[in-house]
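> sequence and predicted structure below; questions after.
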Amino acid sequence: QVQLVESGGGLVQPGGSLRLSCAASGIIFSIYTMGWYRQAPGKQRELVADITSGRTTNYAESVKGRFTISRDNAKNTVYLQMNSLKPEDTAVYYCNGKPALRLTSTMTFNSWGQGTQVTVSS
């Protein structure tokens, strides 16, 4: 059974940075494409970034140039470095993955972690 534990969120001022981590278990992590999703109040969950097993990365237009996704297969962990944060980045951030070439915002998963809250405010 897959388990996902997200951490690293918090309150940060506009322009600040945060690094999120997601530890995964119960999957063959190295073959999974992993992604970070976020859900703001009243909005649909959206895919922010994903990284394939071959470390190819893809980003939503809204975060390109500001966010960087990476992975450490030895630790079964995926990271999201978030720089130049904006108030519109405020959301609960989740990770998930599949043994697929790409992830999408509408993809369904068997389970989700608890997420980590990111709040960007002065």
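Arrived safely. Numbering: from 1, shown residues only.
> from here on, just use CA atoms for contacts and neighbour counts.
Fine.
> now do the strands in the chain.
3-7, 10-12, 18-25, 33-39, 46-51, 57-59, 67-72, 77-82, 91-98, 116-120 (DSSP state E).
> what residue is smack in the middle of the protein?
Trp36 (1.9 Å; C-alpha atoms, centre = their mean).
> quick one: residues contacting that residue.
Leu47, Val48, Ala49, Asp50, Leu80, Tyr93, Tyr94, Cys95, Asn96 (C-alpha atoms under 8 Å, 6 or more residues apart in numbering).
> out of those residues, which comes closest to Ser62?
Of all those, Val48 has the smallest distance to Ser62: 8.2 Å, by C-alpha to C-alpha.
> tell me how many other residues surround Ser53.
17 (other C-alpha atoms under 10 Å).
> for the residue nearest to the centre of the chain, give the beta-bridge partners.
Trp36 has the following beta-bridge partners by DSSP bridges: Ala49, Cys95.
> thinking again about what came up before, as TSV, the contacts of Trp36 with distance to Ile31, neighbour count and pLDDT would be great.
Formatted as TSV, the contacts of Trp36 follow (distance: C-alpha to C-alpha, whole Å; neighbours: other C-alpha atoms under 10 Å; pLDDT from 0 to 100):
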residue	distance to Ile31	neighbour count	pLDDT
Leu47	19	23	98
Val48	20	25	98
Ala49	17	26	98
Asp50	13	28	98
Leu80	19	23	98
Tyr93	22	28	98
Tyr94	19	27	98
Cys95	15	29	98
Asn96	13	27	97
